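A.B. asks: sequence unknown, structure follows:
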């Protein structure tokens, strides 16, 4: 038990250093980009703004001209206190508000798609490896890899065109029907669900092949282990061998991938959000980068970084439970 | 024995998935297709639906001082004193009925319309106008020539300037007016969300606000109630052109202004009877700017020769999908049609494709062609430079590529350089770029265009940031004319000076004008009729310019 605690503490220290490194990069990288937010904004309006207004705007938006190290200290202080500043492209909304208002949709979309893809993909992988050469094993992998290798936006647009425009089965845009009030009613939840199907489905289709193949390959290796033969010799039920003996041991790489993917849910669904006009943070991030909206960019990257690190930390802890070898290392 | 833990959780997940799938499929069937049905009786209650391709979500912020103002704030909620319509070149009195410029050109007096009320029922008074400008100057700056605005009684406002400044009429006249009794009570007007706006416009009442859509309904106290024929406006948030185009093509929106590629085929052909588009060339002039602080661009002969090597028909056809109109040597876009000097316009030489002449001029100017067909500069270096365009502007990128190909015919090598817009603009601002594809000012009066193109006052040294005149060209002759222009009291005199400015422009070629940017606009008249068109150009089809209010007060439900 003591070893477990020490392991977790060691990992925690590592993650603290990783976190510091990433927030520092997060601070520096946007500032290495040429230009500043106000001149970007000016260039975007293409001459509709008066040049004399630039100074006033700079003051209003609080664009910083102070030395970098002073900004850096402020930045660290703000992160600790949770004050992310005010978004420039969505002025005067605070960054935390912009992110909070939209991240739920991204988590809903990315989370749903990830869970479905991982669960279904792993189950298919287990079955395919268990019955090598069977119907699932010979038909599905090539098909799924084929679909997965499409450029993502192409698949999303194709699906949108086919199911949304031609067949009319699914809504074309947004997270719920315009004019509907968000509420905990069956009508609203159903409407959100209906709007979620197509975007989530396209993500699942693209990513499921990877899950299935990964699981199948590890599972095949596990199947040839002696303890499986032993279990069979003892006359255990095949289902029990498949899940308790083979799958449990083959699961570790999948758990790692799941942790990684969990972190990337926040930033990963950007193209989906753009194609389906889904109100998540993806398009906001693109806008923030193009408009040099430092505070929002920092806020979003920080969220993503934190999500990746947190997910990895959870996976590490989970590993202790799943894989006894980790504890002694 | 207990059930294996992972199996139990797998079962729970499976059950959850099954319920979820049931829920999703069951509801997918009941969702009605978005968009409104076109039965006649519905049109009186139908909302004018417009997509916004550059906002993926809306904030409930109707503050006109916000850097990114919500759609329709300055079009349907707040109104200006007058509306200038570039499609026809005429001016419509709006909150003001008449205005008079003082004899010395140093003040303008507007007379306000009687009976105009704010949407909360209070009357519009001259003090509101004066207060609006006070606030505008305080929060956003600009209007440096403006000393102040003073109310005289309840219906007259006088704007005084520190020098005669003729372009002021439109700059002052087109600023949307705010109610003093509301804004003076707001603690921090720059940051206030103004969630329930009070304006004089036709559609002021915010309704069913959601992150991706909101509606504006009729102002109950509008000053021309007979013109509020449509029930309201509905804005939809879209993340990018593709999503907005899908809505347009699918008929889910009535009016849109984002770029649609191959519009005849993708949009019009779906419903030829009801769908229309109109792209009048009233947008800004798009120029190829050559950095005149660098040789050989400091030589007007070179600028003209390069301009003659550019095939503008090809540029507009390939680069702009045939939607734009090639420029002439007045440098003015279609927005300034009434200002154009016919003597200059009808005798253009350097804005027409003429490869032989271009070669001849470059030979004579001392840029010889070598044996490999490539020219060298006076110092013997190869005649090579970059054209910088932001990577995200695919249309302008192909414009730059066409120019680059055209220049090969005269032995000049132009490389298209396309990093992110941020670094392109930083190069423009610092004056370190070679050349670029750049927009220009698009005001009712051509003063700013010429001032930015060749006014010495706007020239900054290389390394000092500038926000206009990126090509850094100043011309003393033009300076004198620009001075005359701002001092000219009436429009006839201004036109006279503008004619001379065009002659100077034609002489000096400070920029290489390429094409008049089109003002995009398309619509379907399934639900609403009365749209502006080539035959009835009472406004452009823009949904975010001062003329938009003219359309909002003209449209009526289809009967």
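C.D. replies: Received, thanks. Nothing here was measured: the structure is a model prediction, and the numbers come from that model.

A.B. asks: Residue B:43 belongs to a strand, doesn't it?
C.D. replies: No: in this structure, residue B:43 is helix, not part of a strand, as judged by DSSP: H, G, I helix; E, B strand; the rest coil.

A.B. asks: so it touches residue B:555, yeah?
C.D. replies: No: counting by CB atoms under 8 Å, residue B:43 does not reach residue B:555; the two are 10.8 Å apart. Any C-beta I mention is one placed from the backbone N, CA and C, and that applies to glycine too.

A.B. asks: Which one's more surrounded, the two?
C.D. replies: More crowded of residue B:43 and residue B:555, by other CB atoms under 10 Å in any protein chain shown: residue B:555, with 23 against 20.

A.B. asks: Tell me the pLDDT of the more buried one.
C.D. replies: The per-residue pLDDT reported for residue B:555 equals 96.

A.B. asks: Just to check, it is in contact with residue B:229?
C.D. replies: Yes: counting by CB under 8 Å, residue B:555 does reach residue B:229; the two are 6.6 Å apart.

A.B. asks: so residue B:298 touches residue B:377, yeah?
C.D. replies: No: at 11.7 Å, residue B:298 does not count as touching residue B:377 under the criterion of CB under 8 Å.

A.B. asks: where in chain A is pLDDT low?
C.D. replies: Where chain A drops to pLDDT under 70, the residues are A:1, A:44-48, A:64, A:327-329.

A.B. asks: Distance-wise, check residue A:217 relative to residue A:129.
C.D. replies: Residue A:217 sits 8 Å away from residue A:129, going by CB to CB, to the nearest Å.

A.B. asks: quick one, which of those two is more surrounded?
C.D. replies: residue A:129 (25 against 15).

A.B. asks: element containing the more buried one, please.
C.D. replies: Using DSSP states H and E, residue A:129 sits in helix A:95-130.

A.B. asks: which parts of that helix are buried?
C.D. replies: A:95-96, A:98-99, A:101-103, A:105-110, A:112-130 (16 or more other CB atoms under 10 Å in any protein chain shown).

A.B. asks: before we move on, what about stretch B:400-416?
C.D. replies: Buried residues in stretch B:400-416, counting neighbours by 16+ other CB under 10 Å, are found at B:400-404, B:406-407, B:410-412, B:414, B:416.

A.B. asks: With stretch B:153-169 instead?
C.D. replies: Buried residues in stretch B:153-169 (16+ other CB under 10 Å): B:155-159, B:161, B:164-169.

A.B. asks: again, but for stretch A:30-38
C.D. replies: A:30, A:33-38.

A.B. asks: can you redo these as CSV with distance to chain B and secondary structure?
C.D. replies: Conversion of those to CSV gives the following (distance: CB to the nearest CB, whole Å; DSSP: H, G, I helix; E, B strand; the rest coil):
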residue, distance to chain B, secondary structure
A:30, 10, helix
A:33, 6, coil
A:34, 4, coil
A:35, 4, coil
A:36, 9, coil
A:37, 9, helix
A:38, 9, helix
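
A.B. asks: and which of the residues you listed is nearest to residue A:66?
C.D. replies: residue A:36 (13.1 Å; CB to CB).

A.B. asks: what sits against the closest one?
C.D. replies: When contacts are counted by CB atoms under 8 Å, 6 or more residues apart in numbering or on different chains, residue A:36 touches A:63, A:292.

A.B. asks: what stretches of chain B score poorly on pLDDT?
C.D. replies: Chain B contains residues with pLDDT under 70 at B:1-41.

A.B. asks: swap the cut-off to 80 and go again
C.D. replies: Within chain B, the ranges that satisfy pLDDT under 80 run B:1-42, B:392, B:422, B:489.

A.B. asks: follow-up on the earlier one: inside strands: which ones of the buried residues of stretch B:400-416?
C.D. replies: B:414, B:416 (DSSP state E).

A.B. asks: quick one: which of the buried residues of stretch B:400-416 is nearest to residue A:227?
C.D. replies: Relative to residue A:227, and with distances defined as CB to CB, the nearest of the buried residues of stretch B:400-416 is residue B:416, at 63.2 Å.

A.B. asks: The closest one against residue B:389, yeah?
C.D. replies: Yes: counting by CB under 8 Å, residue B:416 touches residue B:389, with 6.8 Å between them.

A.B. asks: shared neighbours, the two?
C.D. replies: B:397, B:400.

A.B. asks: looking at it, residue A:177 is touching residue A:187, isn't it?
C.D. replies: No: using CB under 8 Å as the test, residue A:177 is too far from residue A:187 to be in contact (9.6 Å).

A.B. asks: if you count what's nearby, which of those two comes out ahead?
C.D. replies: A count of neighbours by other CB under 10 Å puts residue A:177 above the other of residue A:177 and residue A:187, at 18 against 14.

A.B. asks: So the more buried one, which state does it fall into?
C.D. replies: Residue A:177 ends up coil, using three-state DSSP.

A.B. asks: Give me the most central residue, chain B.
C.D. replies: Ranked by distance to the mean C-alpha position of chain B (CA atoms, centre = their mean), the top residue is residue B:283 at 6.6 Å.

A.B. asks: My read is that that residue contacts residue B:521, right?
C.D. replies: No: taking CB under 8 Å as the definition, residue B:283 is not a contact partner of residue B:521, at 10.8 Å.

A.B. asks: Residue B:353 should be in a strand, yeah?
C.D. replies: No: if the criterion is three-state DSSP, then residue B:353 is coil and not within a strand.

A.B. asks: Show the residue spans covered by the helices in the stretch 51-200 of chain A.
C.D. replies: Counting by DSSP state H, counting those that start in this stretch, the stretch 51-200 of chain A has helices at residues A:53-61, A:68-81, A:95-130, A:135-148, A:152-159, A:186-223.

A.B. asks: Rebuild those as CSV, extending it with distance to chain B.
C.D. replies: As requested, those are exported to CSV (distance: least, CB to the nearest CB, whole Å):
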stretch, distance to chain B
helix A:53-61, 3
helix A:68-81, 18
helix A:95-130, 6
helix A:135-148, 17
helix A:152-159, 7
helix A:186-223, 3
